[in-house]
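Participant: below are the sequence and a predicted model for it; my questions follow.
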Amino acid sequence: MNDQQNSSHTGPERTAPTDRFAGESRVLDLDSMLAELRSEAHPARNGHRQMTVFRRAPVTKVLFAFDADGRLADHSAHGLVNIHVLEGLLRIQAGGSEHTLGPGQILILNPDVPHDLHAAEPSAMLLTVHLESND
């Protein structure tokens, strides 16, 4: 989950992470950020584009814009995962169960739970990961 994939796009430039994360408080306009992601001229990788909108250890928030049939293949995170669907329809395989989520629904996964995500239609989600400490 990083912003390096945008280095070759020819659309509008993203705001630098240091600027996006600056200040004592911030308002995140997810609709504007989604429009920015979707306006990038480069092709989406695996049917999705992503932008880290907040990072401060141990929390990271990443905005995803999925094309229809976009995927995040089987993976896991060493932290609590919160998948908040903003638009569309996401199918998520996790812990031996399949979850179908629409706008306004949230799936919370415990640390290290393998999961696979498929966008059944154009979709968007806000992913929050709260990493576990290595203590």
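Facilitator: Received it, and whenever you're ready, just let me know what you need. Numbering: from 1, shown residues only.
Participant: which stretches of this structure form strands?
Facilitator: Ranges of strands within the chain are 48-56, 59-66, 71-75, 79-87, 90-94, 97-101, 106-109, 115-119, 123-131, based on DSSP state E.
Participant: tell me the buried residues in stretch 35-51?
Facilitator: The neighbour-count check on stretch 35-51 (16 or more other C-beta atoms under 10 Å) flags 36-37, 40, 44, 47-51 as buried. Bear in mind the C-beta positions are built from the backbone N, C-alpha and C, glycine included.
Participant: mind putting these into a markdown table with pLDDT and distance to His75?
Facilitator: Output for the buried residues of stretch 35-51, formatted as a markdown table (pLDDT from 0 to 100; distance: C-beta to C-beta, whole Å):
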| residue | pLDDT | distance to His75 |
| --- | --- | --- |
| Glu36 | 92 | 25 |
| Leu37 | 93 | 20 |
| Glu40 | 91 | 23 |
| Ala44 | 87 | 17 |
| Gly47 | 94 | 15 |
| His48 | 95 | 13 |
| Arg49 | 95 | 17 |
| Gln50 | 95 | 13 |
| Met51 | 93 | 18 |
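Participant: for the protein, which helix is longest?
Facilitator: For the chain, the longest helix by residue count, based on DSSP state H, is helix 30-39.
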